[in-house]
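J.: Fold the following.
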Amino acid sequence: MEKKVKKTIIRLHRGDITEMCVDAIVNAANKKLQHGGGVARAIVKVGGYIIQEESNKIGEIGVGEAVITTAGKLKAKYVIHAVGPQMGEGHEDDKLKNATLNSLRLADKYNLRSIAFPAISTGVFCYPKDRCANIMIKTAIDYAKTDTEIKTIVFTLINEHTYSIFQKELNSYYALTILSRDNN
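T.: Take a look at the predicted model:
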């Protein structure tokens, strides 16, 4: 499923983010950039330890921030490490929005044309998938309305349940933005 917003395609894909052939994949990272579990572990397992070594040189980053490393042996050229919120730490929605937005800004800064996101923070950080989809989809659509050079934003979702949640949000928010634009 995909929707076009100005020059950008926003696409949903069910599958493994480590298999994505895009300029950058986003890693749902922790603050210390230690890739020991979840998406982060899968990325290092497929891409190689060089990703962890580059992350170690960067060190710790804050929740909502994003940094970039090379992608080792992955099909992608880069990995953007975005730190999402842990449920219960406070201001989670703002932090997830910032993690998404800072990843998109970093992609533009590096002149990347395609980026793939997982459902950030919905694993061990226990962030509700429906809230995640709502925030990440809205942030991506709103960003695509700007003068970005990103041509494709892909949400790569590991299972059908998560895909269906993101599909509902994409259809809903896209319809709202089109109706709003048409009525102005």
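J.: longest helix of this protein?
T.: Once the chain is assigned using DSSP state H, the helix that runs over the most residues is helix 160-182.
J.: Would you indicate which residues of that one are buried?
T.: For helix 160-182, burial by neighbour count (16 or more other C-beta atoms under 10 Å) applies to T162, Y163, I165, F166, Q167, E169, L170, Y173, Y174, T177. Every residue, glycine included, has its C-beta placed from N, CA and C.
J.: Could you list which residues are in contact with the residue nearest in space to the middle of the chain?
T.: By C-alpha atoms, centre = their mean, the chain has its centre lying nearest to F117, at 2.9 Å. F117 makes contact with V26, T100, S103, M136, A140, I153, V154, F155, T156, according to C-beta atoms under 8 Å, 6 or more residues apart in numbering.
J.: Contacts only, for the fifth one.
T.: Contacts for A140 were tallied using C-beta under 8 Å, 6+ apart; they are I10, T100, L104, F117, I153, F155.
J.: name the element it belongs to?
T.: A140 belongs to helix 129-144 when elements are defined using DSSP states H and E.
J.: what's the following helix or strand after that helix?
T.: strand 152-157.
J.: List of residues touching stretch 152-167?
T.: 1, 8-17, 20, 22, 25, 104, 113-119, 122, 129-130, 133, 136-137, 140, 143-144, 170.
J.: Could you identify the buried members of these?
T.: 8, 10-14, 17, 20, 22, 25, 104, 114-119, 122, 129, 133, 136-137, 140, 143-144, 170.
J.: I25 - that's part of a strand, no?
T.: Yes. Applying DSSP: H, G, I helix; E, B strand; the rest coil, one finds I25 inside a strand.
J.: what's across from it in the sheet?
T.: Applying DSSP bridges to I25 gives these bridge partners: V79, A116.
J.: Residue ranges in the protein under the pLDDT threshold?
T.: Scanning the chain for pLDDT under 70 picks out 178-184.
J.: Please repeat the previous calculation with a cut-off of 90.
T.: For the chain, applying pLDDT under 90 flags the ranges 37-38, 124, 173-184.
J.: Count the neighbours of A28 for me.
T.: The number of residues packed near A28 is 24, by other C-beta atoms under 10 Å.
J.: do the one 4 residues further on as well
T.: Here the count is done by other C-beta under 10 Å, and K32 has 13 residues near it.
J.: Against V63, how distant is it?
T.: K32 is 12 Å from V63, where distance means C-beta to C-beta, to the nearest Å.
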